[in-house]
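In: Any chance you can model this:
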Amino acid sequence: MRFAKYTIAVLLLAGAAFAVFAQQGPAAKRKPMMAGAQAAQKGVPQALADYLKLTADQEAQISALQTSFRDAVQPLAQQLRAKSTELRKAMKSDPVDSAKVTALRTDISKLRDDVKAQRDSFAAKFRDVLTAEQRTSLEALEQALTLQSAARQAAHLGLIAPPENAGDWGPFGAGRSMMRRAPGPRR
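Out: Below you'll find the predicted structure:
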(Lines give C-alpha, C1' and ligand atoms only; values in the text may rest on other atoms or scores of the structure.)
Protein backbone atom coordinates (compact mmCIF):
# COMPACT_ATOMS: atom_id res chain seq x y z
CA MET A 1 0.00 0.00 0.00
CA ARG A 2 2.82 2.38 0.88
CA PHE A 3 4.50 1.65 -2.48
CA ALA A 4 1.25 2.41 -4.31
CA LYS A 5 0.95 5.79 -2.58
CA TYR A 6 4.56 6.60 -3.46
CA THR A 7 4.00 5.58 -7.07
CA ILE A 8 0.89 7.75 -7.36
CA ALA A 9 2.72 10.71 -5.81
CA VAL A 10 5.63 10.31 -8.22
CA LEU A 11 3.28 10.10 -11.21
CA LEU A 12 1.49 13.25 -10.06
CA LEU A 13 4.82 15.03 -9.78
CA ALA A 14 5.76 13.78 -13.24
CA GLY A 15 2.51 15.27 -14.49
CA ALA A 16 3.45 18.59 -12.91
CA ALA A 17 6.83 18.47 -14.63
CA PHE A 18 5.12 17.71 -17.95
CA ALA A 19 2.92 20.74 -17.43
CA VAL A 20 5.98 22.95 -17.02
CA PHE A 21 7.56 21.57 -20.20
CA ALA A 22 4.32 21.51 -22.19
CA GLN A 23 3.77 25.21 -21.62
CA GLN A 24 7.06 25.95 -23.33
CA GLY A 25 5.65 24.68 -26.64
CA PRO A 26 7.12 22.37 -29.24
CA ALA A 27 10.89 22.20 -29.43
CA ALA A 28 10.80 23.31 -33.07
CA LYS A 29 9.33 26.67 -32.08
CA ARG A 30 11.90 27.35 -29.35
CA LYS A 31 15.22 28.99 -30.03
CA PRO A 32 18.04 26.44 -29.92
CA MET A 33 19.96 26.54 -26.67
CA MET A 34 23.00 24.93 -25.27
CA ALA A 35 22.25 22.12 -22.83
CA GLY A 36 21.52 23.53 -19.41
CA ALA A 37 21.20 27.08 -20.68
CA GLN A 38 17.42 26.92 -20.39
CA ALA A 39 17.91 28.44 -16.96
CA ALA A 40 19.39 31.50 -18.64
CA GLN A 41 16.09 32.57 -20.20
CA LYS A 42 14.89 35.97 -19.07
CA GLY A 43 12.48 35.86 -16.17
CA VAL A 44 11.04 32.91 -14.32
CA PRO A 45 8.54 30.82 -16.31
CA GLN A 46 5.09 31.36 -14.83
CA ALA A 47 4.33 27.67 -14.29
CA LEU A 48 7.52 27.27 -12.25
CA ALA A 49 6.88 30.47 -10.29
CA ASP A 50 3.36 29.25 -9.49
CA TYR A 51 4.52 25.74 -8.58
CA LEU A 52 7.23 27.00 -6.23
CA LYS A 53 5.05 29.89 -4.99
CA LEU A 54 7.82 32.41 -5.59
CA THR A 55 7.49 35.92 -4.23
CA ALA A 56 8.13 38.96 -6.43
CA ASP A 57 11.41 39.51 -4.56
CA GLN A 58 12.51 35.93 -5.21
CA GLU A 59 11.65 36.27 -8.90
CA ALA A 60 13.75 39.46 -9.07
CA GLN A 61 16.69 37.73 -7.36
CA ILE A 62 16.42 34.75 -9.72
CA SER A 63 16.26 37.05 -12.75
CA ALA A 64 19.44 38.79 -11.56
CA LEU A 65 21.12 35.40 -11.14
CA GLN A 66 19.98 34.40 -14.62
CA THR A 67 21.55 37.54 -16.07
CA SER A 68 24.87 36.87 -14.32
CA PHE A 69 24.76 33.23 -15.47
CA ARG A 70 24.07 34.28 -19.06
CA ASP A 71 26.92 36.80 -18.93
CA ALA A 72 29.32 34.17 -17.55
CA VAL A 73 28.33 31.44 -20.01
CA GLN A 74 28.07 33.52 -23.19
CA PRO A 75 31.83 33.71 -23.89
CA LEU A 76 32.17 30.00 -23.10
CA ALA A 77 29.33 29.19 -25.50
CA GLN A 78 30.97 31.26 -28.24
CA GLN A 79 34.27 29.47 -27.71
CA LEU A 80 32.47 26.13 -27.72
CA ARG A 81 30.77 26.92 -31.04
CA ALA A 82 34.07 28.05 -32.57
CA LYS A 83 35.94 24.95 -31.37
CA SER A 84 33.12 22.67 -32.57
CA THR A 85 33.21 24.28 -36.02
CA GLU A 86 36.98 23.94 -36.10
CA LEU A 87 36.66 20.27 -35.07
CA ARG A 88 34.16 19.55 -37.87
CA LYS A 89 36.54 21.13 -40.39
CA ALA A 90 39.51 19.18 -38.99
CA MET A 91 37.54 15.92 -39.24
CA LYS A 92 36.76 16.61 -42.92
CA SER A 93 40.34 17.46 -43.87
CA ASP A 94 42.38 14.98 -45.86
CA PRO A 95 44.47 13.68 -44.22
CA VAL A 96 42.95 14.09 -40.76
CA ASP A 97 45.38 15.61 -38.28
CA SER A 98 44.73 13.34 -35.29
CA ALA A 99 46.79 15.51 -32.92
CA LYS A 100 44.70 18.57 -33.81
CA VAL A 101 41.44 16.59 -33.47
CA THR A 102 42.52 15.29 -30.06
CA ALA A 103 43.48 18.78 -28.90
CA LEU A 104 40.15 20.22 -30.09
CA ARG A 105 38.19 17.45 -28.37
CA THR A 106 40.10 18.15 -25.15
CA ASP A 107 39.37 21.88 -25.47
CA ILE A 108 35.67 21.19 -26.10
CA SER A 109 35.49 18.87 -23.11
CA LYS A 110 37.11 21.52 -20.89
CA LEU A 111 34.69 24.19 -22.13
CA ARG A 112 31.73 21.89 -21.43
CA ASP A 113 33.09 21.29 -17.93
CA ASP A 114 33.39 25.07 -17.45
CA VAL A 115 29.77 25.55 -18.55
CA LYS A 116 28.66 22.78 -16.18
CA ALA A 117 30.58 24.42 -13.32
CA GLN A 118 28.82 27.72 -14.04
CA ARG A 119 25.44 25.95 -14.21
CA ASP A 120 26.10 24.14 -10.92
CA SER A 121 27.16 27.41 -9.27
CA PHE A 122 24.01 29.11 -10.55
CA ALA A 123 21.85 26.23 -9.29
CA ALA A 124 23.37 26.50 -5.81
CA LYS A 125 22.77 30.26 -5.70
CA PHE A 126 19.25 29.75 -7.01
CA ARG A 127 18.52 27.25 -4.23
CA ASP A 128 19.80 29.75 -1.67
CA VAL A 129 16.99 32.11 -2.73
CA LEU A 130 14.35 29.45 -1.98
CA THR A 131 12.73 28.60 1.32
CA ALA A 132 13.03 25.08 2.74
CA GLU A 133 9.51 24.27 1.50
CA GLN A 134 10.34 25.56 -1.99
CA ARG A 135 13.56 23.50 -2.08
CA THR A 136 11.49 20.42 -1.21
CA SER A 137 9.12 21.23 -4.08
CA LEU A 138 12.11 21.68 -6.41
CA GLU A 139 13.49 18.30 -5.34
CA ALA A 140 10.10 16.78 -6.23
CA LEU A 141 10.42 18.37 -9.69
CA GLU A 142 13.89 16.87 -10.07
CA GLN A 143 12.50 13.45 -9.16
CA ALA A 144 9.67 13.92 -11.65
CA LEU A 145 12.17 14.88 -14.35
CA THR A 146 14.01 11.58 -13.89
CA LEU A 147 10.71 9.81 -14.56
CA GLN A 148 9.75 12.01 -17.52
CA SER A 149 10.68 9.52 -20.22
CA ALA A 150 8.89 6.60 -18.55
CA ALA A 151 5.81 8.71 -17.78
CA ARG A 152 5.65 10.02 -21.37
CA GLN A 153 5.89 6.47 -22.69
CA ALA A 154 3.13 5.35 -20.31
CA ALA A 155 0.95 8.25 -21.49
CA HIS A 156 1.64 7.40 -25.13
CA LEU A 157 0.52 3.85 -24.47
CA GLY A 158 -2.60 5.11 -22.71
CA LEU A 159 -1.58 3.60 -19.36
CA ILE A 160 -1.83 7.00 -17.68
CA ALA A 161 -3.57 10.18 -18.73
CA PRO A 162 -1.40 13.09 -19.86
CA PRO A 163 -1.72 16.35 -17.95
CA GLU A 164 -4.85 18.32 -18.81
CA ASN A 165 -2.85 21.30 -20.07
CA ALA A 166 -0.43 19.25 -22.19
CA GLY A 167 -2.20 20.12 -25.42
CA ASP A 168 -3.49 17.70 -28.00
CA TRP A 169 -1.70 14.52 -27.12
CA GLY A 170 -4.14 12.11 -28.67
CA PRO A 171 -3.51 8.41 -28.20
CA PHE A 172 0.09 8.61 -29.47
CA GLY A 173 1.29 11.96 -28.15
CA ALA A 174 1.41 15.47 -29.49
CA GLY A 175 1.37 15.26 -33.27
CA ARG A 176 2.73 11.73 -33.36
CA SER A 177 1.38 8.62 -34.91
CA MET A 178 2.21 5.06 -34.11
CA MET A 179 3.57 4.51 -37.62
CA ARG A 180 6.79 6.30 -38.41
CA ARG A 181 7.88 6.93 -41.97
CA ALA A 182 11.03 5.15 -43.03
CA PRO A 183 14.07 7.37 -43.59
CA GLY A 184 14.84 8.34 -47.13
CA PRO A 185 13.57 10.66 -49.83
CA ARG A 186 9.95 11.75 -49.76
CA ARG A 187 7.71 10.63 -52.56
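In: Outline the domain layout of the chain.
Out: By the assignment in automatic domain parsing, the chain contains the domains 1-27+147-179, 43-137.
In: quick one, longest helix in the chain?
Out: helix 56-92 (DSSP state H).
In: What is the subsequent helix or strand relative to that helix?
Out: Of the helices and strands lying after helix 56-92 in sequence (DSSP states H and E), the nearest is helix 98-129.
In: Which of the residues in that next one are classified as buried?
Out: By 16 or more other CB atoms under 10 Å, the buried positions in helix 98-129 come out as L104, D107, I108, L111, D114, V115, Q118, R119, F122, F126, V129. (Glycine included, C-beta is placed from N, CA and C.)
In: How about the first one: what's its closest non-neighbour residue?
Out: Right, L104. Among residues not flanking L104 along the chain, L87 sits closest, at 4.3 Å (CB to CB, 6 or more residues apart in numbering).
In: And the fourth one, by the same measure?
Out: Taking CB to CB, 6+ apart, and ignoring the residues beside it in sequence, L111 has L80 as its nearest neighbour in space, at 4.6 Å.
In: The one you found contacts L104, doesn't it?
Out: No. Applying CB atoms under 8 Å, one finds L80 not in contact with L104, separated by 11.0 Å.
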